[in-house]
Each structure stands twice: as structure tokens, then as C-alpha cells.
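K.L.:
I need the structure of the sequence given here:
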Amino acid sequence: MRLWKWISVSFIFSIIVSATLSILQYTPRMERNPDTYYFSLQEFFVIYMYYTAPVFIVIAIFAFIIFRVMEKRKHTPWKNAVFSTLFAIIVTAAGIFIWMDGSKSETNDIYLLPEGYEGEVYVFYNVKGAPELETEDGYEVHVINEEGYFATSAPDLDYGTVTDKYYYVDDAGNRTPIDENCISLFGTGATQREGYEIIYTGFKLTKDNCSEEFMTTAFPMEKKEHLISKLFQQFY
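P.N.:
Alright, predicted model coming up:
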């Protein structure tokens, strides 16, 4: 069996595992709390594929090497069967470990917005030359500018249970918490231009229309492309 077949099998296996874990982690709309953001099935699937596929491919490569060594030494069929069983156990254990690790992770982000701002808010990651993220009591701080965005050279955002905090900040630096009913999350995405990839996330913020309906409404990302073009002009 050739190496590419082993890799293909491992990739298919990662798809199956990711899809299964996504279904297990997904919370139906009827069971959701009104003030909590929940990942969609697609978002769960992308996250799990991001972590499982590389692990399974590396395992497949090592397993292929070991299998070839055993094959050259002419091991008996029962030894090959033992090896296959061990390989399946290792892959399954890796999947369980990834799932347990992912289920414990939290986003832990702080968003600091100019006092009175409302509209679309974005954070762009993996921006070459942009500032690094600063931390505060275990939270990563995102200082949103007057135009409604923040760019960082951090390679990617954190995934997991959303534990983010949102504040208005006045000229004196005083913070006022923002009600989660005033925030409608966009989710995550990525775009590629000129050989570079920028990862983004964001939300829409309102001052006067805060409600459960607003929080759960899916709004379009109208300013995203304009801001990404601006980032390329500034940093690339």
C-alpha cells in the first residue's frame, strides 16, 4: 500500500471524526441560552479538521514507515494484525484527546471599543507587521479603533467556548461593560490576497436596539472587504 493511500485514508478518517465530534458538540437552537453564542456545525467541523487532519496525517506517515519496516522483515500475519490494531487504537486515542482538549478550550478575549461606537467591528489576524496581542488576566486584549477594527500579527484566533468580554472605553480610560444582547457575532473566516492569508472575526454592535432578537440575527459583513483592502495598503 503506497504512502498516498495511507494519507488519503487518514484524511478521510479525520473527516469522519470531525463530523462526528461536530454533531456531538453542536447545540440545537431549541436548547440554547439566549445570551450565549454557539458555533454552527460548519464552524465546529472547520475547527476539528484544523486540529485532527495534521495529527492523523503524521500518524499515518509514521505508521507507513513502521509497516514498511515490518514488511521487509517478513513478519507473520498475526503480527501485522497486532500492528493494525495498535494503529487503530492510537488514531482513536488521538481523536478523543483532540476532542477533550477542544471541549475545554475557551476564547478569553477582551474587546475595548471607543465610547458610543456602534456598527460593524472586526479583528484581523495573521497581518504581517501588525502589533502582537497583549494579555490581561489571561484574556487577550483587542483595542478597536475609531473605524471599528483591530489588526494583529497573531497567527489565528482562539477557538472554543466563547467567554469574551466587551467594554466601552472613554477618554479617561474608564470601562463600561456592554450587554451581550447588543452584540451579534459574525463568526470567523479567512481571505487570501497576493499570497498572504488574513483570518478575521467580528460582530455587529448596537446601542439602542439591544435584544435577544438582535443578538441572534445574522447580519452581512458590509465593511469587511474595504477594511481588508486598507490593511493590504498599510502593511503589505
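K.L.:
excluding its backbone neighbours, what's nearest the residue nearest the centre of the chain?
P.N.:
The structure's the chain has its C-alpha centroid closest to residue 159; by CA atoms, centre = their mean the separation is 4.2 Å. Excluding the flanking residues, the one nearest residue 159 by CB to CB, 6 or more residues apart in numbering is residue 47, at 4.9 Å. For the C-beta atoms, the positions are set from N, CA and C on the backbone; glycine is no exception.
K.L.:
would the one you found count as being in a strand?
P.N.:
No - using DSSP: H, G, I helix; E, B strand; the rest coil, the assignment for residue 47 is helix, not a strand.
K.L.:
distance check, residue 39 against residue 19.
P.N.:
14 Å (CB to CB, to the nearest Å).
K.L.:
who has more neighbours, those two?
P.N.:
Ranked by neighbour count (other CB atoms under 10 Å), residue 39 and residue 19 place residue 39 first, with 21 against 15.
K.L.:
so that one touches residue 47, yeah?
P.N.:
Yes - using CB atoms under 8 Å, residue 39 makes contact with residue 47 at a distance of 7.4 Å.
K.L.:
okay, now the domains of this structure?
P.N.:
3-104, 109-235 (automatic domain parsing).
K.L.:
lowest average pLDDT across those?
P.N.:
Among those, domain 3-104 carries the lowest mean pLDDT, a mean of 70.
K.L.:
helix, strand, or coil at residue 7?
P.N.:
Taking three-state DSSP, the label given to residue 7 is helix.
K.L.:
no, scratch that, I was asking about residue 62
P.N.:
helix.
K.L.:
distance of it from residue 6?
P.N.:
10 Å.
K.L.:
more neighbours, those two?
P.N.:
Legend: neighbour count by other CB under 10 Å for residue 62 and residue 6, higher for residue 6 (20 against 13).
K.L.:
what about the residue nearest to the centre of the chain, which helix or strand?
P.N.:
If you go by DSSP states H and E, residue 159 is not part of any helix or strand.
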